[in-house]
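Enquirer: Sequence and predicted model, in that order:
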Amino acid sequence: MRRLLLLLVIPVALCQITPVPKMDITPIPIDKTDPNVKEFQRIDSNKDGQLTFTEFLLSDHPFLEHQSRRFHGFDTNGDGTVTKKEYEEYFKRLEKHKRRSDMFFNKFNRDRRDPFQASFFDSFPKNSPGEESRELSGPIHNPSMVLL
């Protein structure tokens, strides 16, 4: 019994005496992980560690591109200025386009139901009696999803 106890105690004692090797951890610089620092570095175009008002304004490229496309949509004659007439004509064209879109979708919605339940969907093939349904079933049943 003593031998058994010694066989169990000695490995436990050795484990406690043996030091755990220290692992070297390479620190990751904060500018590599912090999204705010990364954003600052992206905006700082001349990389001087400071933001000018111009750098700050020019930092939102998608918005500037959107506004540029919008301005050139207004400026139909391409002279670099938008007159009141060009401005009004732009919105008339926009309204005309909206009316055409509405007319197109109203053709599919003659019976005043949801457009996605319009009569042209009724012509799609249906399951025969006794045929297994191709709809997905389960805890989250979505009738618009179909197994292929």
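Expert: Received it, and whenever you're ready, just let me know what you need. Numbering: from 1, shown residues only.
Enquirer: Could you use CA atoms for every contact and neighbour count after this?
Expert: Will do.
Enquirer: Is Ser59 in contact with Glu39, as I believe?
Expert: No - the criterion here is CA atoms under 8 Å, and Ser59 misses it with Glu39 at 9.4 Å.
Enquirer: Give me the more crowded residue out of the two.
Expert: Between Ser59 and Glu39, counting by other CA atoms under 10 Å, Ser59 is the more crowded of the two (17 against 12).
Enquirer: and the more buried one, what does it touch?
Expert: Arg42, Ile43 (CA atoms under 8 Å, 6 or more residues apart in numbering).
Enquirer: Any regions of this protein where pLDDT drops low?
Expert: For the chain, the stretches with pLDDT under 70 are 1, 4-23, 30-31, 108-125, 127-148.
Enquirer: Determine the longest helix present in it.
Expert: Looking across the chain with DSSP state H, the single longest helix is helix 84-107.
Enquirer: Could you list every helix and strand in contact with that helix?
Expert: Packing partners of helix 84-107 (3 or more CA pairs under 8 Å, 6 or more residues apart in numbering; DSSP states H and E): helix 61-74.
Enquirer: Just the CA trace of the helix it packs on, in PDB.
Expert: This file holds the C-alpha atoms of helix 61-74, laid out as PDB (Å, rounded to 0.1, in the frame of the first residue of the first chain):
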ATOM      1  CA  HIS A  61     -14.700  58.300 -51.400                       C
ATOM      2  CA  PRO A  62     -18.000  56.400 -52.000                       C
ATOM      3  CA  PHE A  63     -20.000  59.500 -50.900                       C
ATOM      4  CA  LEU A  64     -17.900  61.800 -53.100                       C
ATOM      5  CA  GLU A  65     -18.300  59.500 -56.100                       C
ATOM      6  CA  HIS A  66     -22.100  59.300 -55.500                       C
ATOM      7  CA  GLN A  67     -22.300  63.100 -55.300                       C
ATOM      8  CA  SER A  68     -20.200  63.500 -58.500                       C
ATOM      9  CA  ARG A  69     -22.500  61.100 -60.400                       C
ATOM     10  CA  ARG A  70     -25.500  62.900 -59.100                       C
ATOM     11  CA  PHE A  71     -24.100  66.300 -60.100                       C
ATOM     12  CA  HIS A  72     -23.300  65.100 -63.600                       C
ATOM     13  CA  GLY A  73     -26.800  63.600 -63.900                       C
ATOM     14  CA  PHE A  74     -28.200  67.100 -63.200                       C
END
